[in-house]
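*Asks:* this is a predicted model, with the sequence first.
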Amino acid sequence: MASSASEYTIGGVKILFPCKAYPSQLAMMNSIVRGLNCRQHCLLESPTGSGKSLALLCSALAWQQSQYDKAGDGNSLNDCKKQEHLPACNCACHGSEMNFAPTAARGQAIPAVVETEITSPSLNHDAACSSRNTLSSKLQTMMKAALNKSDDDFQSEKKRMRMPSNGPKVRKRRCFEKGVCYIDEDNTTLEEGSAGSCETNLNYVAQHVPHSPEVSSPCNLCTCVSLKTNGKDEGAAKGKNNGKSQVPKIFFGTRTHKQITQITHELRRTAYSYVRMTILSSRDHTCVHPEVSASYNRNEKCKELLEGKDGRSCRYYHGVHKMSEQSSLQGIHCLKIAWDIEELVNLGKKLRSCTYFAARELMQDADIVFCPYNYLMDPQIRERMNINLKDQILIFDEAHNIEDCARESSSFSVTENQLLFAREELDGMVNQNIRKSDHEALRGVCYSFTNWLKESSGRLVEREFETSCKVWNGKEMLNIFHKWGLTSASFNILQKRLDAVIEKEEKMLILNGRQESVTVPTISASTQMVLKGLFMVLDFLFRDNCRFADDYRVAVQQVYTWTNQADFIDENGFFARPQRKRNARKKSAVLTLNFWCLNPAVACSDLNVVRSIVLTSGTLSP
């Protein structure tokens, strides 16, 4: 940290800033801290170059650190506040405590005087809470005693007697009802000086409380039983989770991966550069497997290796544990300060560990997670990456691009060939009697869409050269779905069918006299993507009594594409190409089913569970 570092306290949060903050940065940090404290959303606009990213990082991480500090203090202040609002309790268990029979501490000298200050309900509440063994408290007690005394000039004066003692006084502070009681640990005080040594200004007299036998269990009528029980439960839960379960994570979203690198470099300048972090990205940026990284479709190739097809597996995936913990990453591999994705990839190559899955594992203990917008907005990506946004903090930098990202995240497109491939694969599952009832229901959905596409292809209107299209609104599509028997009730059943189909299962079979476990076949990743995409859109259309139906347009498009004709085998069994170049290319029509979302609020409806959303940009006004 530079020598010109500054420290600011905003909203009770101490913020360490690497330099003297501009007024715009102070205003932004003030708004962010207020929003996080009040569980509100922030919409902030600041000119380009005014240090928005630095103010975002410092204020958000400082607030998070303050939450960790509060969680580790034992919440003694909150406990006192809870006890202050408790009504008076006169049960047997508290009556026994009011007798003031404490035991002497081991190894301590026994003082000769017991000094008690118990606040009655008639006294001022604020003075009762702030009662201390100080000069001001004594003067205040004497003033109140003078006011409460009867007007009797001949009343005998009360004196406070203290017996000499050789050892120091040891006092315990206990809370009784709404006040504080200071009790000296003394067994002989009540016997020797109970008549005149204790001075109290209360209507309550300790001698009038009848002695009750020892209570083995708390009284059910006691008003603080529930408080004690809840306190124990909260303490046990906090001890189990180290007090970190209640502190929200920070998800920092940017538009591109390059901007994430810039943000991490800004984080290095701050005092929070040692924060536990991770960066979520695709396999295109993080895969270190030589064969997979060189392939065209890295996702499909990676999934094939993970499924163990052809007896092969990914050796890098089995080394994820080498860099999947924050402690080992910072302590052993020397990534102590904020790192970027290139540094993590280089470490993965060095350790022969999968960077893609390691970054996902690091998210569990991370305090801040960097990722692109669509990782937070797209429900399919959130499901694949196991991102849980409940009670978390979302920060979107350069938020003027968030609307386009939200619309794209809730839209979906699928070609006729993809639907046909999914239908054929589901046909094969049904014919092989593999989860037949579940696959039949999903196959019916694919048949309905493919048949409707064929019927709609004859009604398309040409819009541009070799391009024709027809558009339906959301309400019209819902009527078509109802004709298929696809309603809100039946869709919920289909979702359960899809979950059952995707779930991996193993069965025990007897092969060659031996019992072996056999994995039940599941549909391919491409078919899963088609079904999940369709079900995502259907979920938005049927959600909340179809309130998002007007925000969708369903379009069937037909375009012509030129493809290279495949080589054929001649009479001699050799591959041959057409002699003329014109015959080498083939023109074919492609039908595409598009679900276009026109309202970004559709995707944002899934973000109602978050704690706070912070949107910042330099151009929010237009």
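*Replies:* Looks like it came in fine.

*Asks:* any weak-confidence spans in the stretch 101-250 of the chain?
*Replies:* 101-245 (pLDDT under 70).

*Asks:* how does it look with 90?
*Replies:* For the stretch 101-250 of the chain, the stretches with pLDDT under 90 are 101-246.

*Asks:* next one: the stretch 451-600 of the chain
*Replies:* 457-467, 501-526, 559-590.

*Asks:* if we go to 70?
*Replies:* If you take pLDDT under 70 as the line, the stretch 451-600 of the chain has these spans: 511, 565-584.

*Asks:* strands along that one, start to end?
*Replies:* With DSSP state E, counting those that start in this stretch as the criterion, the stretch 451-600 of the chain has strands at 461-464, 467-473, 506-511, 514-519, 552-564, 568-569, 575-576, 585-597.

*Asks:* adding distance to V369, write the ones you listed out as JSON lines.
*Replies:* The way it works is simple: take the backbone N, C-alpha and C, and place the C-beta from them, glycine included. Output for the strands of the stretch 451-600 of the chain, formatted as JSON lines (distance: least, C-beta to C-beta, whole Å):
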{"stretch": "strand 461-464", "distance to V369": "43"}
{"stretch": "strand 467-473", "distance to V369": "38"}
{"stretch": "strand 506-511", "distance to V369": "33"}
{"stretch": "strand 514-519", "distance to V369": "33"}
{"stretch": "strand 552-564", "distance to V369": "31"}
{"stretch": "strand 568-569", "distance to V369": "52"}
{"stretch": "strand 575-576", "distance to V369": "51"}
{"stretch": "strand 585-597", "distance to V369": "25"}
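
*Asks:* in TSV, list those along with mean neighbour count and distance to N374.
*Replies:* Below are the strands of the stretch 451-600 of the chain laid out as TSV (neighbours: other C-beta atoms under 10 Å; distance: least, C-beta to C-beta, whole Å):
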stretch	mean neighbour count	distance to N374
strand 461-464	9	29
strand 467-473	15	25
strand 506-511	9	34
strand 514-519	9	32
strand 552-564	15	19
strand 568-569	9	42
strand 575-576	10	42
strand 585-597	15	13
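
*Asks:* which of these sits closest to S313?
*Replies:* Shortest distance between S313 and those, using C-beta to C-beta, is found for strand 514-519: 14.1 Å.

*Asks:* that closest one pairs with which strands?
*Replies:* Using DSSP bridges, strand 514-519 pairs in its sheet with strand 506-511 (antiparallel).

*Asks:* quick check: phi and psi at the closest residue in space to G12 that isn't next to it in sequence.
*Replies:* Distance criterion C-beta to C-beta, 6 or more residues apart in numbering; nearest residue to G12, sequence neighbours excluded, is S66 at 7.4 Å. With angles defined as degrees, to the nearest 10, S66 sits at phi -70, psi -30.

*Asks:* use 19 as the first number from now on
*Replies:* Renumbered: residue one is now 19, and that last one reads S84.

*Asks:* S84 contacts L34, correct?
*Replies:* No: using C-beta atoms under 8 Å, S84 is not in contact with L34; the gap is 11.7 Å.

*Asks:* more neighbours, these two?
*Replies:* Between S84 and L34, S84 has the larger neighbour count (other C-beta atoms under 10 Å), namely 19 against 16.

*Asks:* let me see the contact set for the residue nearest to G30.
*Replies:* The neighbours of S84, taking C-beta atoms under 8 Å, 6 or more residues apart in numbering as the test, are G30, V31, K32.

*Asks:* now intersect those residues with the strands, please.
*Replies:* V31, K32 (DSSP state E).
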